[in-house]
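1. Mind folding the following:
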Amino acid sequence: MKRDVFNAIADPTRRVILMSLLDESKNVNSLANQFDMTRQAVSLHVKYLQECGVLTIEKVGRERYCKLQTKQLEKVATWLEPFKLLWEGRLNRLDNLLNKMQNQ
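-> From the prediction side, this is the model:
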């Protein structure tokens, strides 16, 4: 099965894992400590994210460190851009309306 970045962000657990890797690489144990699930279950999510190309795993001694790879996530940002523009337009119109009402 072909996995892509949209599969990666489809699951809330995987989104939390990605968010926790924003600042630094983490080992699988420290990622697993964030959840009420087994380390094995978290490892499966990590493997899934690796297959989607949004993280890499580096072995350091006996530990496996997960590092965020943002290149694939750019596809999500590109896909979301039209929606962002839509909402910015709507919010600008609302802001203009509120300013107009306030000035009356």
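2. what are the phi and psi values for residue 23?
-> When read as degrees, to the nearest 10, the backbone of residue 23 gives phi -90, psi -30.
3. Now do it against residue 91, distance only.
-> For residue 23, the distance to residue 91 (CB to CB, to the nearest Å) stands at 29 Å. (C-beta placed from N, C-alpha, C; glycine too.)
4. ok, so what distance separates residue 75 from residue 7?
-> With the distance defined as CB to CB, residue 75 ends up 12 Å from residue 7.
5. again, but for residue 97
-> As judged by CB to CB, residue 97 and residue 7 stand 40 Å apart.
6. Which one of those two is surrounded by more residues?
-> residue 7 (16 against 10; other CB atoms under 10 Å).
7. Quick one: residues contacting the more buried one.
-> Neighbouring residues of residue 7 by CB atoms under 8 Å, 6 or more residues apart in numbering: 48, 52.
8. quick one: what helix or strand has it in it?
-> helix 5-9 (DSSP states H and E).
9. For that helix, the averaged confidence score.
-> Across helix 5-9, pLDDT averages out at 93.
10. got the CA coordinates for it in CSV?
-> Only the C-alpha atoms of helix 5-9 are listed here, as CSV (Å, rounded to 0.1, in the frame of the first residue of the first chain):
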residue,chain,number,x,y,z
VAL,A,5,1.7,12.6,4.0
PHE,A,6,-2.1,12.8,4.2
ASN,A,7,-2.1,9.2,5.6
ALA,A,8,0.5,10.4,8.2
ILE,A,9,-1.7,13.3,9.5
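11. Flag every buried residue along it.
-> For helix 5-9, the neighbour count (16 or more other CB atoms under 10 Å) marks 5, 7-9 as buried.
12. Is it possible to get CSV of these that adds distance to residue 66?
-> Listed next are these as CSV, based on distance: CB to CB, whole Å:
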residue, distance to residue 66
5, 16
7, 17
8, 13
9, 16
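13. Okay, residue 86 and residue 69: tell me how far apart.
-> Using CB to CB, one obtains 29 Å as the distance from residue 86 to residue 69.
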